[in-house]
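*Asks:* Build me a structure from this.
(2 chains)
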Amino acid sequence: MVTTENGNGENRDELVQRLELMEQMIAEGRRSTICRGWIFVLWGVLYFAAVGWVLFLPHKNWAWPVCMAAGIVTMIVAGLRRRRATGGTQNVRSRSIEAVWRMMGTGISLFAFTGVVAHHAGGIAYSAAILFFIGLAHAISAMILRWRVQGVVAAIWWAGGMATFFVSTWKESLAIFLTASFFGMILFGLYAMMLERRDAKLNTSSPQHNA
Amino acid sequence: MSDLEKDNGTERAELVQRLELMERMIAEGRRFTMRAGWIFVLWGLVDCVGYGWHSLQAHSQFVQTWSWPICLGTGAVITLIGRTMQNRREGISKSRQCRSVEAVWGIMGITLAVYIASAMASHFSWQYSYVAGMMMILGMAHGISSVLLRWRVQGAVAAIWWAGGAAVLFCNSRRAMNDIFLLEMCLGMIAFGLYVMLLEHRQKAVRKNA
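*Replies:* Residues are numbered from 1 along each chain as shown, chains lettered A, B, ... in the order given. Predicted structure coming up:
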């Protein structure tokens, strides 16, 4: 009887430990996304800049390539600086999330580049596919991190993708893209940055929290 | 001095343990994908049947409208039933890696379903970029899974899908697009599924012998 109790106690302790470890890893994964909140804001602002350039400035053909290249260079530089500062330590969940975004980035770049070169960039299905790609990455990340807010962001991108299929003019399709970018990139990025600041405040006000 | 040696020994043992745990998780994730090998084969066949039916009866209005929804719906139902039966028979024990891989494929399925349904409902499924987008989504799922499981073969499959997507955007004929689509289905779905099933079969035989 005592042995079973002991056994049950050990089992319970082990389960509690496992749960704690899982929660810790999920929290770390979320923190790694929160730390990259500025990237969402950056890309959202770049989308707006590119559209603004196309609508109001000369040399329209250069708008998207220049803005996308600027975004990629900024991210590479910031990523290198960050890796140097943190030493590149990551847990399994952070690595999974990084894999999701890296593959989404590769896929979307390839699709966008070939679409522009092959003159398919004006198509409705082309624009909708891009919205679906971003929604896919957000949804996978939300599922791995069990993060409802990011799940809502994924739904916004998917809804945008679906709506794009049903509009009749490119102006409407552009409006959908900008709305999704505003809510799904800029607002989500600002929200993540706010969470990061709150976390940093908590850490500085209670040193025990760090331990 | 001996304390230092002890510390080093403990640290090393801990590192070895962690590495073993990671390797075990990756192996479990791969086994999880291997168990789903039949799903790749099934979807490859479903798409080939859908394509064949659609192009062989090009003059039938019913076939032109309903061939793809019927084939895709049947594929989804068979996948759901097969997966449920498989889980009941073999039990569900999932590591974190398995859950991440499952999340990738689950979300990919939902994305593709919504994407295809909206394109069909809005009559945009004839565009080249629609087919290219579909291939890119499949490539992304394979790419993410290959990074999570550190699996080069799956990475190569992702590259095949992406190359197909890019090629579709460059081809200027319906026939070339259909050829690329069929080739992708054979290589990226059926061949990969068969390879994965073969691996699973071999692993089972090794386990039985041991």
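
*Asks:* Could you point out the helix or strand that follows the helix or strand hosting residue B:14?
*Replies:* Here residue B:14, judged by DSSP states H and E, is contained in helix B:2-35. Heading C-terminal from helix B:2-35, the first helix or strand you meet, by DSSP H and E, is helix B:37-56.

*Asks:* List the buried residues for that following helix?
*Replies:* B:37-48, B:50-51, B:53-54 (16 or more other C-beta atoms under 10 Å in any protein chain shown). The C-beta positions use only the backbone N, C-alpha and C, and glycine is treated the same way.

*Asks:* Name the SS class of the nearest residue to residue B:159 once chain neighbours are set aside, please.
*Replies:* Closest residue to residue B:159 apart from its sequence neighbours, by C-beta to C-beta, 6 or more residues apart in numbering or on different chains: residue B:139 at 7.5 Å. Here residue B:139 takes the helix state, with states given by DSSP: H, G, I helix; E, B strand; the rest coil.

*Asks:* Need the pLDDT of residue B:139.
*Replies:* Looking at residue B:139, its pLDDT is 94.

*Asks:* which residue does chain B bring closest to chain A?
*Replies:* Proximity of chain B to chain A (C-beta to the nearest C-beta) peaks at residue B:133, 2.9 Å away.

*Asks:* Which residue, other than its chain neighbours, is closest to that residue?
*Replies:* residue A:129 is the one closest to residue B:133 (C-beta to C-beta, 6+ apart), at 2.9 Å.

*Asks:* and what of residue A:161?
*Replies:* Distances taken as C-beta to C-beta, 6+ apart put residue A:131 closest to residue A:161, at 3.7 Å, once the chain neighbours are dropped.

*Asks:* Just give the number of residues close to that neighbour.
*Replies:* 26 (other C-beta atoms under 10 Å in any protein chain shown).

*Asks:* Give the other helices and strands that the helix or strand harbouring it contacts.
*Replies:* Residue A:131 is located in helix A:124-145, with elements delineated by DSSP H and E. Counting contacts by 3 or more C-beta pairs under 8 Å, 6 or more residues apart in numbering or on different chains; DSSP states H and E, helix A:124-145 packs against helix A:2-35, helix A:92-117, helix A:148-165, helix A:170-181, helix B:96-121, helix B:128-149.

*Asks:* ok, the residue nearest to residue B:40 when sequence neighbours are not counted - contacts?
*Replies:* Leaving out its chain neighbours, the residue that sits closest to residue B:40 by C-beta to C-beta, 6+ apart is residue B:193, at 3.0 Å. Counting by C-beta atoms under 8 Å, 6 or more residues apart in numbering or on different chains, residue B:193 makes contact with B:37-42, B:44.

*Asks:* Just the CA atoms of the host helix or strand of residue B:193, as CSV, please.
*Replies:* Using DSSP H and E, residue B:193 sits in helix B:192-209. Provided in CSV are the C-alpha atoms of helix B:192-209 (Å, rounded to 0.1, in the frame of the first residue of the first chain):
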residue,chain,number,x,y,z
PHE,B,192,7.9,10.2,-50.9
GLY,B,193,5.0,8.3,-49.3
LEU,B,194,6.2,4.9,-50.6
TYR,B,195,9.8,5.7,-49.4
VAL,B,196,8.5,6.6,-46.0
MET,B,197,6.3,3.4,-45.9
LEU,B,198,9.3,1.4,-46.9
LEU,B,199,11.3,2.9,-44.0
GLU,B,200,8.5,2.1,-41.6
HIS,B,201,8.3,-1.4,-42.8
ARG,B,202,12.1,-1.9,-42.4
GLN,B,203,12.1,-0.4,-38.9
LYS,B,204,9.3,-2.7,-37.9
ALA,B,205,11.2,-5.7,-39.2
VAL,B,206,14.3,-4.7,-37.3
ARG,B,207,12.3,-4.3,-34.1
LYS,B,208,10.7,-7.7,-34.6
ASN,B,209,14.0,-9.4,-35.1
